[in-house]
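Trainee: sequence-free structure coming up:
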């Protein structure tokens, strides 16, 4: 067992829809160690993305504690939480979420605008991240000039550029063909094994889950079993 990066205890999340209460997660416990690559699977509506958002500080729990990198993020106010996210979490989404009018380099630089550094240093770090995802030669291209797989590589570089504690991926290959998906999953595996990045990935794809070193299954707001490779 390595150092714990994520420690979740008694976690519950519910929403009120009119007169109806919807329980998304119920009394959930989870520990993620540094260097883990976890695939989070389960049927639609099982709470996978909600759990991901709670670990990444994009949402707050109804009850329970969420500790990431030694910080109880469920106790932070919105301003402190935004600052924490900027330093600790890199996000990769299914539909890339790139700014269409910016070059790949400028897209990767965006998270660094929240950090105190010169424009030259931002550019240097962004180029390092693009090199890691093997897209330095596309630095000046805008998203429309890139394939889906290349756009997702830019999104991964953007997630990496702040050297985050945790990389969170929500269906990162859901919009890609099989070959592009395998390329992205291989890249995530390299980031995990060679760069030591802790990755948590929501996926419906068993083949994608095969790239992780651990698979967790959510059903009706509960972790129902765990398979370690």
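Mentor: Received the coordinates, thanks. Please read these numbers as outputs of a predicted model, since none were measured by experiment. Numbering: from 1, shown residues only.

Trainee: okay, now the unreliable bits of the chain?
Mentor: The chain contains residues with pLDDT under 70 at 1-2, 225-229.

Trainee: need the longest helix for it.
Mentor: helix 178-193 (DSSP state H).

Trainee: ok, the following helix or strand past that one: who's next to it in the sheet?
Mentor: Going down the chain from helix 178-193, the next helix or strand is strand 198-202, by DSSP states H and E. The pairing partners recorded for strand 198-202 under DSSP bridges are strand 37-41 (parallel), strand 166-170 (parallel).

Trainee: from the chain's centre, how far out is the longest helix of the chain? Work that out for me.
Mentor: 14 Å (Cα atoms, centre = their mean, to the nearest Å).

Trainee: so who does residue 101 touch?
Mentor: When contacts are counted by Cβ atoms under 8 Å, 6 or more residues apart in numbering, residue 101 touches residue 142. Backbone N, C-alpha and C define where each C-beta goes, glycine included.

Trainee: change the start of the numbering to 123 and stick with it
Mentor: Okay, residue one is now 123; in that scheme the one you just asked about reads as residue 223.

Trainee: circling back: list the buried residues of the longest helix of the chain.
Mentor: Of all the residues in helix 300-315, those buried under the rule 16 or more other Cβ atoms under 10 Å are 302-307, 309-311, 313-314.

Trainee: nearest residue to the middle of this structure?
Mentor: residue 290 (1.1 Å; Cα atoms, centre = their mean).

Trainee: and it, how close does it get to residue 211?
Mentor: Between residue 290 and residue 211 the computed distance is 6 Å (Cβ to Cβ, to the nearest Å).

Trainee: what of residue 180?
Mentor: Note on residue 180: its distance to residue 211, by Cβ to Cβ, is 9 Å.
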